[in-house]
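A.B. asks: Sequence plus the predicted model coming up.
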Amino acid sequence: MKMRLLGAEAACGTTVGAASTFLDSDYVRIFNNTATVQVVTVANAADVTLGSIKVSAYGTELLKKAPTDQIFAAAATVFGTPVHVN
């Protein structure tokens, strides 16, 4: 899969109050930089949870979201990068 980077990789916030829209991107590449499974959550602009996934140890996922949706994780060892999927 080809991706264009839209911004710098950043640690995910660990609460909905610290969640990020990752530059209002439609896609976010998620990387779990730890040896344990971590939960990643997507919430809307009103801080309502839309869904959660578990990301495997040292795993990556590509999440599609609305531009105003926010992402946060169970640990600051989970990173997100705003991307455009070609």
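C.D. replies: That came in fine, so what should we check first?
A.B. asks: make it CA atoms for all contacts and neighbour counts henceforth
C.D. replies: Noted.
A.B. asks: Just list the residues touching residue 61, thanks.
C.D. replies: 29, 30, 31, 55 (CA atoms under 8 Å, 6 or more residues apart in numbering).
A.B. asks: which SSE is it in?
C.D. replies: In this structure, residue 61 is located in strand 60-64 according to DSSP states H and E.
A.B. asks: Of all the residues in that strand, which ones are buried?
C.D. replies: Of the residues in strand 60-64, 60, 61, 63 count as buried by neighbour count, 16 or more other CA atoms under 10 Å.
A.B. asks: One more: stretch 10-17?
C.D. replies: For stretch 10-17, by 16+ other CA under 10 Å, it's 10, 11, 12, 13, 14, 16.
A.B. asks: ok, now how distant is residue 83 from residue 48?
C.D. replies: Distance, residue 83 to residue 48, using CA to CA, to the nearest Å: 23 Å.
A.B. asks: out of those two, which sits in the busier spot?
C.D. replies: Using other CA atoms under 10 Å, the more surrounded residue of residue 83 and residue 48 is residue 83, with 24 against 12.
A.B. asks: State the distance from the more buried one to residue 26.
C.D. replies: 8 Å.
A.B. asks: confidence score at residue 64?
C.D. replies: Looking at residue 64, its pLDDT is 98.
A.B. asks: repeat for residue 86
C.D. replies: 87.
A.B. asks: residue boundaries of the helices in the protein?
C.D. replies: When assigned using DSSP state H, the chain turns out to have no helices.
A.B. asks: any weak-confidence spans in it?
C.D. replies: Along the chain, no part satisfies pLDDT under 70.
A.B. asks: ok so, going back, what's the closest of the buried residues of stretch 10-17 to residue 74?
C.D. replies: Set against residue 74, the nearest of the buried residues of stretch 10-17 by CA to CA is residue 14 (5.4 Å).
A.B. asks: and that closest one, what does it touch?
C.D. replies: For residue 14, the contacting residues are 72, 73, 74, 75, 76, by CA under 8 Å, 6+ apart.
A.B. asks: CSV for those residues, including distance to residue 36 and neighbour count?
C.D. replies: CSV is the format used below for those (distance: CA to CA, whole Å; neighbours: other CA atoms under 10 Å):
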residue, distance to residue 36, neighbour count
72, 17, 26
73, 13, 28
74, 11, 16
75, 10, 19
76, 12, 16
